[in-house]
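**Q** coordinates only, sequence not included:
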């Protein structure tokens with residue numbers, strides 16, 4: 001329905017293109033998001049907005065399109081931004097992690113002048129999902145030392161790292177600290 005309306009628009013602006021690309025990306029249609037982004041680049045002289053790039057990088061990660069994600073980084077992020085925003089850096093970390101290129105995810109993370117909880121969670125989850133338990137727990141400890149308070153997503157990543165790394169005792173310890181130390185009520189994801 002939205003695409004039909006978009007196709008009927010006599011004139012499209014960067015906002016309408018962005019809305020469609022974001023809609024596809026956020027509704028688990030990454031292929032369509034990338035196809036529409038390609039169409040936008042071919043049909044217009046619009047420079048993609050930051051949130052468009054975030055959606056496109058997310059689609060690249062979902063599809064494992066590392067080459068295109070790196071092309072986006074080189075041609076739109078690196079060349080046009082003197083400093084990468086936290087949101088864009090988080091999208092890059094996520095894309096690199098989903099494509100299995102952890103050293104690039106870590107490089108982006110380490111070069112961030114400012115981080116938020118999503119940044120920390122992304123890096124912890126990246127390491128945990130690729131079987132690097134010790135690195136995930138190291139990032140978690142750095143996060144705590146930096147004054148960040150973990151949330152339920154953080155602790156899913158930490159417990160997953162312990163599970164995949166065979167760190168049963170540490171996993172139990174973190175699980176016990178969830179509510180007592182971090183104020184996070186365990187959910188079903190934390191028991192898996």
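**A** The structure has been received and is ready for your questions. Worth saying up front: this structure is predicted, and the values here are computed from it rather than measured. Numbering: from 1, shown residues only.
**Q** where does the prediction get shaky in this structure?
**A** 1, 7, 80-82, 192 (pLDDT under 70).
**Q** and the residue positioned nearest the centre of it, how far is that from residue 62?
**A** Taking C-alpha atoms, centre = their mean, the centroid of the chain lies closest to residue 94, which sits 3.1 Å from it. To residue 62, residue 94 is 10 Å away according to C-beta to C-beta, to the nearest Å. All C-beta atoms are positioned from the backbone trio N, CA, C, and that covers glycine.
**Q** related to what we said a few turns ago, the residue nearest to the centre of the chain and residue 61 touch, don't they?
**A** Yes. Here residue 94 lies in contact with residue 61, judged by C-beta atoms under 8 Å, at a distance of 5.4 Å.
**Q** now do the shared contacts for residue 94 and residue 62.
**A** Between them, residue 94 and residue 62 share no contacting residue under C-beta atoms under 8 Å, 6 or more residues apart in numbering.
**Q** check contacts around residue 3.
**A** Residue 3 touches residue 20, counting by C-beta under 8 Å, 6+ apart.
**Q** now it: which helix or strand?
**A** If you go by DSSP states H and E, residue 3 is part of helix 2-8.
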